[in-house]
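Asker: generate coordinates for the sequence data below:
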Amino acid sequence: KYRAVLIAISDYPGTEHDLNTPVKNLDSMHKCLIKGSNSYYVETLKDDSATLDNVNSKLDWLKNKATDDDISLFYFCGHGTQIDTKNSEREGDTKDECLVLYDEFMPDDDFIDKILEIKGYVIVILDCCKSAGFEEDIDYKYKKDGDLWSQTKVFFISAFKENQNLFEIPILESSLLTFPLVGSLSTSNYDDTITIDEMYMMTQELFEQGKNVFKIGYAGGLNIYPHRGTNRYYDVMDLPIIKGFKNYRPWIEEFNVPEKSGKKCEINVRLRDDNNDFIKIFVRWGDNANGGWIDDKYTNYDVATLRNTYSKNGNYEISVIAQDDKGSISYWQTKEVKIEGKSRLSRFLTQFSTIFQKIKRCDIFALLKIPNILNTSYSSNVIFKP
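Answerer: This is a model prediction of the structure:
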């Protein structure tokens, strides 16, 4: 049996704490978990329903339902924080990491204790700040009770380090972690199955690319516990998270960006998808002002022509990624363009120079056109003296 509890909070009490993407992330996770032959039975909590009592109730639901062969998935997307610890031996430092729920904090000690009551295989995905610190509690419990692993095998996924933040990307309409994770859970390739190892390896690569695209300079990246390379990891690395679902990732066959351009820049993207799915494109123009998902949908072999108007000259990195209608994503592609557009003053001086040259040649026909040429926004404060 496959069961999942998905929790997301975008709307925290007090608008200064609100987030943009968690509920959208939850909806994306929900969509990819209910496909295939092992469709998950999913319970969700969103915004004001994600209280401490309700979260505990959903964890109890997983505990009461799970058997030794079942797979339970817990996903949280929202704020994470730290408080002073009550058990420094268990924590390994002076801080407890916490899930910030709608009404209260849920410390990592309490959360991990609840998770370890669930039999079978448990996949925990925490898309929040400070989440890497939860790993220490899991490790402490397994070291203290050597038989615990035989009852409950917990795979824990987080990002960065325990004292670092995780990022949502509003223009991407997702977070830095959930976007590649959903993309990986939607890409099964040849065997109709997505295993823990396949999910981790694909997500890790896409996560690192996303860090580069959005200029996030933190050291470290995607974390998984048990760590890859340990015996516990290899014991169950082939456990299918999704099965009975076949989908190839879309890819970008050509990405044409001019080396130099005026301020109105045009790029061309040729798209491929062997499933003949509909494809959409995200573009980041590198100017911190424009970018996002393109409204148009494309199909296999289509060429998308995209345009942006830059406000300043300079070098810009343009990044694109494709996503099919099943949620699978291509790899990011990035190229640089040099913008050398003329300023309004430069355009006026070019026009004025042309007029002056014609006056010197006594081009009477050009002189007759002077009032029309000067009647522009560039010459409204210019007095013409022949």
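
Asker: from the contact counts, what lies against the one helix or strand K143 maps to?
Answerer: Take DSSP states H and E as the rule and K143 turns out to sit in helix 134-144. With contacts defined as 3 or more Cβ pairs under 8 Å, 6 or more residues apart in numbering; DSSP states H and E, helix 134-144 has these neighbours: helix 88-91, helix 108-115, helix 148-151, strand 152-159, strand 222-225. Any C-beta I mention is one placed from the backbone N, CA and C, and that applies to glycine too.

Asker: what residues does that helix touch?
Answerer: 90-93, 97, 108-109, 111-113, 115-116, 124, 126, 148-149, 154, 156, 158, 162, 223, 225 (Cβ atoms under 8 Å, 6 or more residues apart in numbering).

Asker: just the buried members of these?
Answerer: 90-91, 97, 108-109, 111-112, 115-116, 124, 126, 154, 156, 158, 162, 223, 225 (16 or more other Cβ atoms under 10 Å).

Asker: helices along the stretch 201-350 of the chain, start to end?
Answerer: Assigned by DSSP state H, counting those that start in this stretch, the stretch 201-350 of the chain shows helices spanning 231-236, 344-360.

Asker: which of those has the lowest mean pLDDT?
Answerer: When those are compared by mean pLDDT, helix 344-360 comes last with a mean of 59.

Asker: roughly how far apart are the residue lying closest to N308 once chain neighbours are set aside and W293?
Answerer: Excluding the flanking residues, the one nearest N308 by Cβ to Cβ, 6 or more residues apart in numbering is W285, at 4.5 Å. Distance, W285 to W293, using Cβ to Cβ, to the nearest Å: 13 Å.

Asker: so for these two, which sits in the more crowded spot?
Answerer: Ranked by neighbour count (other Cβ atoms under 10 Å), W285 and W293 place W285 first, with 22 against 14.

Asker: ok, the more buried one touching G291?
Answerer: Yes. With contact taken as Cβ atoms under 8 Å, W285 and G291 are classed as touching, separated by 5.1 Å.

Asker: could I get the pLDDT score of E89?
Answerer: E89 carries a pLDDT score of 63 in this model.

Asker: should've said S377
Answerer: The pLDDT attached to S377 in the predicted structure is 37.

Asker: got it, and K35?
Answerer: Each residue has a pLDDT score; the one for K35 is 89.

Asker: in the sheet, who's paired with A322?
Answerer: According to DSSP bridges, I281 are recorded as the beta-bridge partners of A322.

Asker: how about it, what does it touch?
Answerer: For A322, the contact set (Cβ under 8 Å, 6+ apart) comprises 250-252, 269, 271, 273, 279-282, 329-330.
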